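J.: The following block contains a protein sequence and its predicted model.
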Number of protein chains: 2
Amino acid sequence: MRVRYRGEIIDAPSVSRSGLSAIILDQRSIPSVVEFRTATDLPDMADCIRTLSVRGAPAIGAFGAISLAICLAKGIPSATAYGALLSTRPTAVDLKNCMDRVMRAYDRGGSDAALKESDDICSSIVDSCREIGRIGASLFKKGERILTHCNAGALATIDWGTALAPIRSLARSGMDPLVYVSETRPLLQGSRLTAWELSMEGIRHKVLVDSACAHLFREGLVDSVIVGADRVCRNGDIANKIGTLDKAILAKRFGVPFYVAFPWSTFDPECVRGEDVPIELRDGTEFAQYLIPSTAGDSEYWNPAFDWTPSELITAFITERGVLDPSRIGDTPL
Amino acid sequence: MRVRYRGEIIDAPSVSRSGLSAIILDQRSIPSVVEFRTATDLPDMADCIRTLSVRGAPAIGAFGAISLAICLAKGIPSATAYGALLSTRPTAVDLKNCMDRVMRAYDRGGSDAALKESDDICSSIVDSCREIGRIGASLFKKGERILTHCNAGALATIDWGTALAPIRSLARSGMDPLVYVSETRPLLQGSRLTAWELSMEGIRHKVLVDSACAHLFREGLVDSVIVGADRVCRNGDIANKIGTLDKAILAKRFGVPFYVAFPWSTFDPECVRGEDVPIELRDGTEFAQYLIPSTAGDSEYWNPAFDWTPSELITAFITERGVLDPSRIGDTPL
């Protein structure tokens, strides 16, 4: 992905490994400050995930894999490292899936195999996202007006993105998409991160507040919706950033297709349906994180970080394995 | 309404007149700073409405009436004053309705009659809102969990509020409502203003981001929705704060009643249906107004201030004339 860093445009992954350090683009301060954060010990690695320095289901998976492999190479007991990293955030399943791959490699070939596996996981996520971009682009016409929510871009996936991968593909082949970016309160992953990624690529976009989406649909300004996912259930229900369900219901009502793009690491065949996904409930102090002091001091807050969207509202899944029928994902060979 | 002002709890209207000055609680800085703003000349009066120092359909109507009457008493030509005030904001109809009443009084009895009419308008809005509270409270049970959007409270209506009037009535009669307050980006009228009003009254409430509403409904946490209106059309469609349409569609899907509370000054029989309401499109700089610098600099914004909601999604209107069937409001005697 293109990043403006210390005055220069560079190409950088959002998650990478250098020796026994995990390196991430710190997503908390983007776009005001673009800095890399290096984590070398387990508490700091867990903190990176918990505080959202790294976020996005595939990026968390990659970062968890790298972190676990580094801990194993440093001789930290596997149960300690695995447990500390897994307990950071409950909703996205990529973290568990990717760490399980590292553990299997470790059991087979020790810490060198674990480190190599974590590198392979990173490469495969980038490859999957590039493929999602190629496959997904075929669903959209020239000048397509696409609504996306939160950030399912390169920041969330090392490179390319899930929802943003087809948009990048369209833009690079001259199809000139127009992207509506919903702001995504409370942490502004839309206006801070997605808008920034699109700006760096010179892709046309307009930011809107989350609650303007119904009006946007009714004004006939949107041709399709595309989002990422934090977990895909066996019956095709998906869990994703809070606010995804609203958009899916609205898209159905206004006859607009609703696509979900994800790499296979996001699929959880053991999770039967949406009700079974643990929905993370975060602290209300997040409401004020990007605000100047402006809210009443003694109010309570209700702050779920995710919601889940039933399979029946989803037009198609876009994965590196192709465009899939959500209701039949449970039948796909693993 | 109860206001904490310079360390003391006082009872103050949000809009009032003192001699030839219009006085408002400045809604831009609440709750960080609670200050009154005094406007004595026409440009400053128009600025109060345009910059949202005063907002909320009935409050704008009251302020417009007072401002127009003061201008007439000062010898400013009626067409000049009426035109400057009317052009400030297009969506709410109370501004025009209330100024028309002042003009008719002026034509009958000169500027003294106009000033008296503006005072009568303020009294009648407060009376209507108190009555809306009394009538609306009968629709809710003890412990009712009520979602509201934006601020349709005392700040928006001189006192009591429209949507908040039944909630105040419930609270004062020991019915202990729990209010879910959607934040209402970009200007945070929910978390800044409604949460503050509820805090001052000691009414239980939880603030949530706008896009968490679908998840809130599905979790079964809401018994009813109540909002205000900026304009009510002859067919029962209503225009209100951007984000109202989303909540109405979601309420219908999840089987939750959706109430709209307003005084009669908000009804516009000349506006046939929602498509006919001018929806104000505001500047994208508002997105950053309550944020620390955190958004990409070169993005475009789409910032409609209102949307409209079709009559078929509305369970009932709550007005000082009673609980009305939205589809039949056009048959009501004026």
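T.: Now that the structure is in, tell me what you want to look at.

J.: Please count neighbours and contacts with C-alpha atoms only from this point.
T.: Will do.

J.: can you list the residues of the stretch 151-300 of chain A near chain B?
T.: Residues of the stretch 151-300 of chain A lying near chain B by Cα under 8 Å from any Cα of the partner chain: A:184-186, A:191-192, A:195-196, A:199, A:205-215, A:242-246, A:249-250, A:290-296, A:298-300.

J.: could you flag which of those are buried?
T.: Among those, those classed as buried by 16 or more other Cα atoms under 10 Å in any protein chain shown are A:184-186, A:191-192, A:195-196, A:199, A:205-215, A:242-246, A:249-250, A:290-291, A:294-296, A:299-300.

J.: Can you tell me which of the residues you listed end up in strands?
T.: A:His205, A:Lys206, A:Val207, A:Leu208, A:Glu300 (DSSP state E).

J.: Kindly export stretch A:222-242 (C-alpha atoms) in CSV.
T.: Once non-C-alpha atoms are left out, stretch A:222-242 reads as follows in CSV (Å, rounded to 0.1, in the frame of the first residue of the first chain):
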residue,chain,number,x,y,z
VAL,A,222,-25.5,3.9,-4.6
ASP,A,223,-25.1,0.9,-7.0
SER,A,224,-23.7,-1.6,-4.5
VAL,A,225,-22.4,-2.1,-1.0
ILE,A,226,-19.2,-4.0,-0.1
VAL,A,227,-17.8,-4.7,3.4
GLY,A,228,-15.3,-7.0,5.0
ALA,A,229,-16.0,-9.5,7.8
ASP,A,230,-14.6,-10.4,11.1
ARG,A,231,-16.1,-13.9,11.2
VAL,A,232,-18.2,-15.9,8.7
CYS,A,233,-20.4,-18.6,10.1
ARG,A,234,-21.2,-22.0,8.7
ASN,A,235,-24.7,-20.8,7.7
GLY,A,236,-23.4,-17.7,5.9
ASP,A,237,-24.2,-15.1,8.7
ILE,A,238,-21.3,-12.7,9.2
ALA,A,239,-20.0,-10.6,12.1
ASN,A,240,-18.5,-7.3,11.2
LYS,A,241,-18.0,-3.8,12.5
ILE,A,242,-21.0,-2.3,14.3
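
J.: roughly how far out does it sit from the chain middle?
T.: Offset of stretch A:222-242 from its chain centre (Cα atoms, centre = their mean, to the nearest Å): 11 Å.

J.: Please name the bridge partners of A:Ser18.
T.: Beta bridges link A:Ser18 to A:Ser21, judged by DSSP bridges.

J.: Neighbours of it, how many?
T.: 9 (other Cα atoms under 10 Å in any protein chain shown).

J.: And it, how far from A:Ser311?
T.: If you measure A:Ser18 against A:Ser311 using Cα to Cα, to the nearest Å, the figure is 40 Å.

J.: for A:Val260, same thing?
T.: For A:Val260, the distance to A:Ser311 (Cα to Cα) stands at 10 Å.

J.: Report the central residue of chain A.
T.: By Cα atoms, centre = their mean, chain A has its centre lying nearest to A:Gly56, at 2.9 Å.

J.: tell me the contacts of that residue?
T.: When contacts are counted by Cα atoms under 8 Å, 6 or more residues apart in numbering or on different chains, A:Gly56 touches A:Asn151, A:Ala152, A:Leu155, A:Ala156, A:Thr157, A:Asp230.

J.: Show me the two of the residues you listed that sit farthest apart.
T.: The span of the contacts of A:Gly56, defined through Cα to Cα, is set by A:Leu155 and A:Asp230 at 14.2 Å.

J.: tell me the phi and psi of A:Pro77?
T.: Phi and psi for A:Pro77, reported as degrees, to the nearest 10, are phi -60, psi 140.

J.: That one: what's its closest spatial neighbour, skipping adjacent residues?
T.: Among residues not flanking A:Pro77 along the chain, A:Cys71 sits closest, at 8.0 Å (Cα to Cα, 6 or more residues apart in numbering or on different chains).

J.: centre of the chain versus the helix or strand hosting that neighbour, how much separation?
T.: Assigned by DSSP states H and E, A:Cys71 belongs to helix A:57-73. With Cα atoms, centre = their mean as the basis, helix A:57-73 stands 15 Å off its chain's centre.

J.: What's the separation between A:Thr80 and A:Leu42?
T.: According to Cα to Cα, A:Thr80 stands 9 Å off from A:Leu42.

J.: neighbour-wise, which of these two wins?
T.: Taking neighbours as other Cα under 10 Å, A:Thr80 and A:Leu42 compare with A:Leu42 leading, 19 against 13.

J.: which of the ones in strands among the buried ones among the residues of the stretch 151-300 of chain A next to chain B sit farthest apart?
T.: Spatially, the most separated pair among these is A:His205 and A:Glu300, at 34.4 Å (Cα to Cα).

J.: Which residue lies closest in space to the residue located most distally from the centre of chain A, excluding its sequence neighbours?
T.: Using Cα atoms, centre = their mean, the residue of chain A lying farthest from its centre is A:Asp298. It sits 32.8 Å away. Nearest non-adjacent residue to A:Asp298, counting by Cα to Cα, 6+ apart: B:Ser199, 7.0 Å away.

J.: ok now stretch A:19-29, how far from the chain's centre?
T.: Distance, centroid of stretch A:19-29 to centroid of chain: 16 Å (Cα atoms, centre = their mean).

J.: for stretch A:106-124, that is, sorry about that
T.: Taking Cα atoms, centre = their mean, one finds the center of stretch A:106-124 at 22 Å from the center of the full chain.

J.: Can I get that stretch as CSV, trimmed to CA atoms?
T.: Presented in CSV, the C-alpha positions along stretch A:106-124 are these (Å, rounded to 0.1, in the frame of the first residue of the first chain):
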residue,chain,number,x,y,z
TYR,A,106,5.8,-25.5,15.6
ASP,A,107,4.7,-28.9,16.6
ARG,A,108,6.1,-30.3,13.4
GLY,A,109,9.3,-28.4,13.1
GLY,A,110,10.0,-26.1,16.1
SER,A,111,10.5,-22.4,16.2
ASP,A,112,12.2,-22.0,12.8
ALA,A,113,9.1,-23.7,11.2
ALA,A,114,6.8,-21.5,13.2
LEU,A,115,8.6,-18.3,12.0
LYS,A,116,8.5,-19.5,8.4
GLU,A,117,4.8,-20.4,8.7
SER,A,118,4.0,-16.9,10.0
ASP,A,119,5.8,-15.4,7.0
ASP,A,120,3.8,-17.8,4.7
ILE,A,121,0.6,-16.7,6.4
CYS,A,122,1.4,-13.0,5.6
SER,A,123,2.2,-13.9,1.9
SER,A,124,-0.9,-15.9,1.6
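
J.: That stretch: which residues count as buried?
T.: Buried-residue list, stretch A:106-124, by 16+ other Cα under 10 Å: A:Tyr106, A:Gly110, A:Ser111, A:Ala113, A:Ala114, A:Leu115, A:Glu117, A:Ser118, A:Asp119, A:Ile121, A:Cys122.

J.: what's the farthest-apart pair in those residues?
T.: A:Gly110 and A:Cys122 (18.9 Å).

J.: where do the strands sit along the stretch 51-200 of chain A?
T.: Along the stretch 51-200 of chain A, counting by DSSP state E, counting those that start in this stretch, strands occupy A:145-149, A:178-182.

J.: Show the model's pLDDT score for A:Leu294.
T.: Small correction: residue A:294 is Ser, not Leu. If you check A:Ser294, the pLDDT there is 64.

J.: could I get the strands of the stretch 51-200 of chain A as a markdown table with mean neighbour count and mean pLDDT?
T.: Listed next are the strands of the stretch 51-200 of chain A as a markdown table, based on neighbours: other Cα atoms under 10 Å in any protein chain shown; pLDDT from 0 to 100:
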| stretch | mean neighbour count | mean pLDDT |
| --- | --- | --- |
| strand A:145-149 | 23 | 97 |
| strand A:178-182 | 26 | 96 |
